[in-house]
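In: just need the structure, nothing else, for what follows:
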Amino acid sequence: MKQYFTGEHICLRAVEPEDLQVMYEMENDPSMWDVSNFSVPYSKYVLRQYIENSQYDLFADKQLRLMVVERQTGRVAGTLDVSDFAPMHCRGDVGIALRSDFRGKGYAREALQLLCDYCFGFLHMKQLTAHVGAGNEASLQLFRSCGFVPCGHLKEWWRMEDGYVDVVLLQKVQ
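Out: Reported below is the predicted structural model:
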């Protein structure tokens, strides 16, 4: 049987209560706010409520958060999300965030490929999209390496600390 959540170096798993501290640190890292559509810190209470109330069912929640875990150490490397899931149209948006000490190791690519295999192979989704800052070459290359293709350019889409930036819309269609 296909192993959708286990790769060579990382595995994907559901959020567990013990992930609260890691999620708290990641969600409250201002360097990630520019691309997350959030501008205020999250409290541990709010994150705990999210963990407790999520059904971890993409069809029920219309979103899915998976933890990216380094297999060798068991440490959480980051998060991988499908959001804005539209079951009628079989599509969703993808977002990925890795903690700084896990970047540059190929983990993001492996996690994204596992997610694509799951979404297309098991859930039979039709398409996934991603919004990436036009100047974020590492993320653009990541998505391209997993078969996403640019399909739109959104002018001044995100407001950043020093002004507005363009966003590239990428899409992978099965």
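
In: can you check the pLDDT for residue 129?
Out: We note a pLDDT of 98 for residue 129 in this prediction.

In: ditto for residue 58
Out: pLDDT, residue 58: 81.

In: excluding covalently adjacent residues, which one is nearest to it?
Out: residue 64 (4.4 Å; CB to CB, 6 or more residues apart in numbering). C-beta here means a position set from N, CA and C on the backbone, and glycine is covered the same way.

In: is it true that that neighbour touches residue 56?
Out: Yes - counting by CB atoms under 8 Å, residue 64 touches residue 56, with 7.1 Å between them.

In: okay, those two: which has more neighbours?
Out: Neighbours of residue 64 and residue 56, each counted by other CB atoms under 10 Å, are more numerous for residue 64; the result is 24 against 13.

In: could you check how far the more buried one is from residue 104?
Out: 26 Å (CB to CB, to the nearest Å).

In: how about residue 6?
Out: From residue 6 to residue 104 the distance is 22 Å (CB to CB).

In: list the contacts of residue 142.
Out: 96, 108-109, 112 (CB atoms under 8 Å, 6 or more residues apart in numbering).

In: about what we covered before: and the residue nearest to residue 58, what are its bridge partners?
Out: With DSSP bridges as the criterion, residue 64 is bridged to residue 82.

In: same deal with the one 4 residues further on?
Out: The residues paired with residue 68 through beta bridges, assigned by DSSP bridges, are residue 12, residue 78.

In: where does pLDDT dip in the chain?
Out: Applying pLDDT under 70 to the chain flags residues 1, 31-40.

In: now with 90?
Out: Applying pLDDT under 90 to the chain picks out residues 1-3, 17, 19-62, 158-163.

In: which residue ranges form the strands in it?
Out: Remark: strands assigned in the chain by DSSP state E are 10-14, 64-70, 76-86, 91-98, 127-133, 149-160, 163-173.

In: which ones are touching residue 131?
Out: 35, 93, 154, 157, 167-170.

In: what about 6 Å?
Out: residue 167 (CB atoms under 6 Å, 6 or more residues apart in numbering).
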